[in-house]
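> here you go, sequence then predicted model.
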Amino acid sequence: MKVQRKNDHILIENNHFEVHIQPKIFGGYYLKKFIKNSPFEMIEMREIRVNISEDEAIHAAKDLLSQVYHSANEFKNMGILPT
């Protein structure tokens with residue numbers, strides 16, 4: 001698991017997915033999970049509305065990165081991806 005700091009956001013990635021952590025203007029964070037190297041295939045997005053620390057946001061992003069979607073296999077058999 002790699003953690004990189006970009007201009008205004010933090011990127012956490014593993015072999016298959018990446019999570020972008022973007023701070024909100026008035027406190028809180030957006031967490032967006034994508035398929036790695038594919039910015040148009042968003043898997044999940046979470047919004048944290050309370051003012052938490054950056055370390056807590058990174059911990060929440062690591063939980064999101066390790067999330068397993070068990071029903072996604074059913075959609076692969078039908079030829080569509082769940083959005």
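Cool, the structure landed. Numbering: from 1, shown residues only.

> now the element after the longest strand belonging to the chain, going C-ward?
When every strand of the chain is counted residue by residue (DSSP state E), the longest turns out to be strand 38-48. For strand 38-48, the following helix or strand on the C-terminal side (DSSP states H and E) is helix 54-65.

> could you list the low-pLDDT ranges of the protein?
Low-confidence segments of the chain, defined by pLDDT under 70, span residues 72-83.

> pick out the residue nearest the middle of this protein.
Geometric centre of the chain, nearest residue: Lys33, 2.6 Å, by Cα atoms, centre = their mean.

> identify the bridge partners of that one.
Lys33 has these beta-bridge partners by DSSP bridges: Val19, Glu44.

> next, the buried residues of the longest strand of the chain.
Judged by neighbour count (16 or more other Cβ atoms under 10 Å), strand 38-48 contains these buried residues: 43, 48. (Glycine included, C-beta is placed from N, CA and C.)

> how about residues contacting it?
By Cβ atoms under 8 Å, 6 or more residues apart in numbering, the list of residues contacting strand 38-48 from outside reads 17, 24, 28-35, 57, 60, 64, 67, 69, 81, 83.
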